[in-house]
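Visitor: What follows is a predicted protein model with its sequence.
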Amino acid sequence: MRSFTLLAILVTLTSHLIVAQSSDDNDPSDVLKDLWGNILADVSGTKSNDQPLPQTSATSDPQTFILSSDFEITNVPQVREYNFEIGMATANPDGYTRQVYTINNQFPAPLIEANTGDTVRVHVKNSLDIPQTIHWHGISQNGTNLMDGVPGVTQCPIPPGGSFTYEFPIVQQYGTYWYHSHFANTMADGIVGPLIVHSPDDPLQRGRDYDEERVLLVTNWMHDQSTDIVAALRTKEGYRGTLAAPKGDSILINQVGKANCSDSNYPSGAECSPPPETVITVPVNKLLRFRIINTGAHSLLRISIDKHEFEVVEVDTDPIFGPTLHELPIAPAQRYSILVNTTQGEAGDKFWLRANVAVGCMDKIRQEGLAVFKYQEEGDAEDDGGLPTTDAWGDLAAFDSPCRDLDMDHTLSPREAIDAFTAPLLTKSLSSKFGTFLGMNGKNITGFAFNNITFQNQIYDPVLATVQNTGNYTSPNVATVVFDVDGYVDLILNNLDGGIDHPYHLHGNEFQLIKRGDGNVTSEEVQSMNLTATNPLRRDTIFIPGNSYAVLRVRTDNPGVWALHCHIGWHLAVGKLATMIVRPKDIQSFAQPDEWTGLCAGQNSTQEGPAKRLFDAPANAGISRKIESEIIARRGPKEV
């Protein structure tokens, strides 16, 4: 996969340079350790290779994926209260048994369901031996910025053995959301769960527009813990015999997949006993809503169901009038709802549901996840274990087709029509690129950056706390755009990486997608365009191909410090995060609850967190160009 190749080439090239300049007395592994340092994470969690597997087996609740018709959709607010314990368990998602992170011993984490206007209260106990936070992806946190769950940005992390209560109202929102760990890349170890918000005002109503609804989680999966991978990458031998960071081992659909037991990377001597494919049972002659969430840390996936076309009716959280498709592209962190008619057979019939890796924006390695889409009536006999014999649609994208967001090929019109907000008061840009940048203490560090600043996370000195206390924030360690006006603004995202595509997520806000284009643009150029649009798409996570840009229009009615970052976990881990600070003077009026400030008490405010890097790359300015050229060569020429 492309980003892992990027890091591999980087480390290999630089290590050769450094080792060649080192004296013969220096052990190469020591040099690499000093060079690599804590580039991906600074965590010391239990390594699955060092410790016996947990005696407790992870459980999975089928009701996580089937939304009950008994849930009352109402405008009468109430408190939805949950007790979460983050822990460890043993699981076999795809044939390889490993340690996973769980919530309440569940893998995936429990379903949260609420109505607009409800208050969600989640008491979190961290029983891991590393810190943790939870981010509520897509929730605006209007008035509750402190609950956004980003360590070093909106809070200090929950320490091992510690507890913290997240509490926030659902303000004028409904749709498909999810929650996940935001500490290091431990989201990739299993801390993910769906969060569904209903409303009587939703233009899509169960019983009128569809009969039943399901949740579909898709993800790329690794056989080793994220902390194991990080530890291995810091040695001379690297991970799996190379300094290249790993490709996905399998694709999980509702947390079940099938490993390739004969793959050269499969652990030698380990048992390989893949579980049966996920069976998604559906009633016959019904119209179903599937809420699809890509919870992965890397891959853009393409979803299809043999013999079933579907209508796209929700993007992230906004109901839309969308296309009818055979295949849906979904980038990490994005969500879509589709409507599927189960009119292609009778009870007992089975079809393949496919999740294919879109390798056009990664190394060209084919990978497919499969689930059984089965017609079943209540009272039918238990499944016979037989597999579908259906064929994939003949017009699916080629495995190495260019990776494109859905709006790049289809019109997506929100059902609640809102024309582009007018008269933006400010226009600012964030330009992201891989390279070598000036870091702390005058060192050059290599990774991803916004506006030539690569994120260096002082995890016990949150940006939000500084803005609360001083009314402003400037730091050479965090790229920041400030909007100190009450109205509408334009935020430009320039993806300057010629060979790398990124899914960008903006916390706390959905944006109007006003314009896309090739190349890059300045704030002055965008201001001169006087951009407007009729009922533009609204969402919170956008996929932007390399060497292109997007103009996002945001309403500044939600004061706060909001992270904006790439949702490929390994890109985030090496600096691809910026902050958007909205109305800093208003942020000063935010209360600081004792439990929130207590997470920082007694900690070293200068300590770098999970993105800590000790990479010094003097006189190697050409490395970034070499890496980018190598990526493009591996991918082939970019198609327009």
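Guide: Looks like it arrived, so ask away. Residues are numbered from 1 along each chain as shown.
Visitor: Could I get the full set of helices for the protein?
Guide: With DSSP state H as the criterion, the chain has helices at 2-21, 28-36, 226-233, 463-470, 523-529, 569-573, 584-587, 594-598, 623-635.
Visitor: buried sites along the fifth one?
Guide: Of the residues in helix 523-529, Val526 count as buried by neighbour count, 16 or more other Cβ atoms under 10 Å. Any C-beta I mention is one placed from the backbone N, CA and C, and that applies to glycine too.
Visitor: Now do it: which elements does it pack against?
Guide: Helices and strands touching helix 523-529, by 3 or more Cβ pairs under 8 Å, 6 or more residues apart in numbering; DSSP states H and E, are strand 426-438, strand 488-495.
Visitor: The longest one: partners in the sheet, and parallel or antiparallel?
Guide: Its sheet considered, strand 426-438 pairs with strand 444-450 (antiparallel), strand 488-495 (parallel) by DSSP bridges.
Visitor: Pick out the shakiest of those strands, pLDDT-wise.
Guide: Of all the strands paired with strand 426-438, strand 444-450 carries the lowest average pLDDT, namely a mean of 84.
Visitor: any idea how far that one is from the chain center?
Guide: 20 Å (Cα atoms, centre = their mean, to the nearest Å).
Visitor: cool, and stretch 71-80?
Guide: Centroid separation for stretch 71-80 versus its chain: 28 Å, with Cα atoms, centre = their mean.
Visitor: Stretch 576-585 too?
Guide: In terms of Cα atoms, centre = their mean, the gap separating the centre of stretch 576-585 from the centre of its chain is 19 Å.
Visitor: For it, measure first residue to last.
Guide: In stretch 576-585, first residue to last residue: 27 Å (Cα to Cα, to the nearest Å).
Visitor: what mean pLDDT would you report for that stretch?
Guide: Mean pLDDT, stretch 576-585: 97.
Visitor: So which bits of that stretch are buried?
Guide: Quick answer for stretch 576-585 (16+ other Cβ under 10 Å): Lys576, Leu577, Ala578, Thr579, Met580, Ile581, Val582, Arg583, Pro584.
Visitor: So what does Pro131 have for phi and psi?
Guide: Main-chain torsions, Pro131, degrees, to the nearest 10: phi -70, psi 170.
Visitor: likewise Asp70?
Guide: The phi/psi pair for Asp70 (degrees, to the nearest 10) is phi -80, psi -10.
Visitor: What distance do you get for it to Phe373?
Guide: As judged by Cβ to Cβ, to the nearest Å, Asp70 and Phe373 stand 24 Å apart.
Visitor: More neighbours: which of these two?
Guide: Taking neighbours as other Cβ atoms under 10 Å, Asp70 and Phe373 compare with Phe373 leading, 25 against 5.
Visitor: Run a quick neighbour tally on Thr390.
Guide: Around Thr390 there are 18 residues (other Cβ under 10 Å).
Visitor: so it sits right up against Ile305, yeah?
Guide: No: assessed by Cβ atoms under 8 Å, Thr390 is found out of contact with Ile305, at 9.1 Å.
Visitor: tell me, what's touching the two both at once?
Guide: When contacts are counted by Cβ atoms under 8 Å, 6 or more residues apart in numbering, the set common to Thr390 and Ile305 consists of Phe351, Trp352.
Visitor: Which residue ranges of the stretch 151-300 of the chain form strands?
Guide: For the stretch 151-300 of the chain, applying DSSP state E, counting those that start in this stretch gives strands covering 163-169, 175-181, 192-198, 212-221, 250-253, 279-282, 287-294.
Visitor: Specify the angle between the third one and strand 175-181 in degrees.
Guide: This means strand 192-198. Put simply, strand 192-198 runs at 150 degrees to strand 175-181, going by axes from the mean of the first three to the mean of the last three Cα atoms, to 10 degrees.
Visitor: Can you check the pLDDT for Lys515?
Guide: Looking at Lys515, its pLDDT reads 98.
Visitor: Now do the nearest residue in space to it that is not next to it in sequence, the pLDDT please.
Guide: Closest residue in space to Lys515, ignoring its immediate chain neighbours: Val551 at 4.3 Å, by Cβ to Cβ, 6 or more residues apart in numbering. Note on Val551: pLDDT of 98.
Visitor: got a list of what Val551 touches?
Guide: For Val551, the contacting residues are Asp490, Leu491, Ile492, Leu513, Ile514, Lys515, Arg516, Val521, Val526, Leu531, by Cβ under 8 Å, 6+ apart.
Visitor: what do you get for Arg80?
Guide: Ile112, Glu113, Ala114, Asp118, Thr119, Val120, Arg121.
Visitor: So among the residues you listed, which ones count as buried?
Guide: Buried among these by 16+ other Cβ under 10 Å: Ile112, Glu113, Ala114, Asp118, Val120.
Visitor: between those, which is closest to Thr446?
Guide: The closest of the buried ones among the contacts of Arg80 to Thr446 turns out to be Ile112 (Cβ to Cβ; 38.7 Å).
Visitor: for the residue nearest to that closest one when sequence neighbours are not counted, which residues make a bridge with it?
Guide: Distances taken as Cβ to Cβ, 6+ apart put Leu195 closest to Ile112, at 4.4 Å, once the chain neighbours are dropped. Going by DSSP bridges, Leu195 is paired in beta bridges with Ile112, Tyr177.
Visitor: And for Leu564?
Guide: Leu506, Ala578.
Visitor: if we can go back for a sec, let me have the strands paired with strand 426-438 in TSV, extended by mean neighbour count and distance to Thr219.
Guide: As requested, the strands paired with strand 426-438 are exported to TSV (neighbours: other Cβ atoms under 10 Å; distance: least, Cβ to Cβ, whole Å):
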stretch	mean neighbour count	distance to Thr219
strand 444-450	24	22
strand 488-495	23	23
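Visitor: Compare those strands and give me the one nearest Ser605.
Guide: That would be, of these and by Cβ to Cβ, strand 444-450, which comes in at 20.4 Å.
Visitor: so what's Lys428 bridging to?
Guide: Assessed by DSSP bridges, Lys428 has beta-bridge partners Leu491.
Visitor: List the contacts of it.
Guide: Contacts of Lys428 (Cβ under 8 Å, 6+ apart): Val481, Val482, Phe483, Val489, Asp490, Leu491, Ile492, Ser523.
Visitor: can we see that at 7 Å?
Guide: By Cβ atoms under 7 Å, 6 or more residues apart in numbering, the contact list for Lys428 reads Val481, Leu491, Ser523.
Visitor: what does Leu425 give?
Guide: Neighbouring residues of Leu425 by Cβ under 7 Å, 6+ apart: Val485, Gly487, Tyr488, Val489.
Visitor: again, only this time at 6 Å
Guide: Val485, Gly487, Val489 (Cβ atoms under 6 Å, 6 or more residues apart in numbering).
Visitor: likewise Thr90?
Guide: Contacts of Thr90 by Cβ under 6 Å, 6+ apart are Leu53, Pro54, Ser57.
Visitor: these two touch, right, Gly193 and Ala109?
Guide: Yes: the pair Gly193 and Ala109 qualifies as a contact (Cβ atoms under 6 Å) at a distance of 3.1 Å.
Visitor: can you pull out the strands in the stretch 301-450 of the chain?
Guide: Going by DSSP E, counting those that start in this stretch, the stretch 301-450 of the chain shows strands at 301-305, 310-315, 318-321, 324-325, 328-330, 335-341, 350-357, 368-375, 413-414, 426-438, 444-450.
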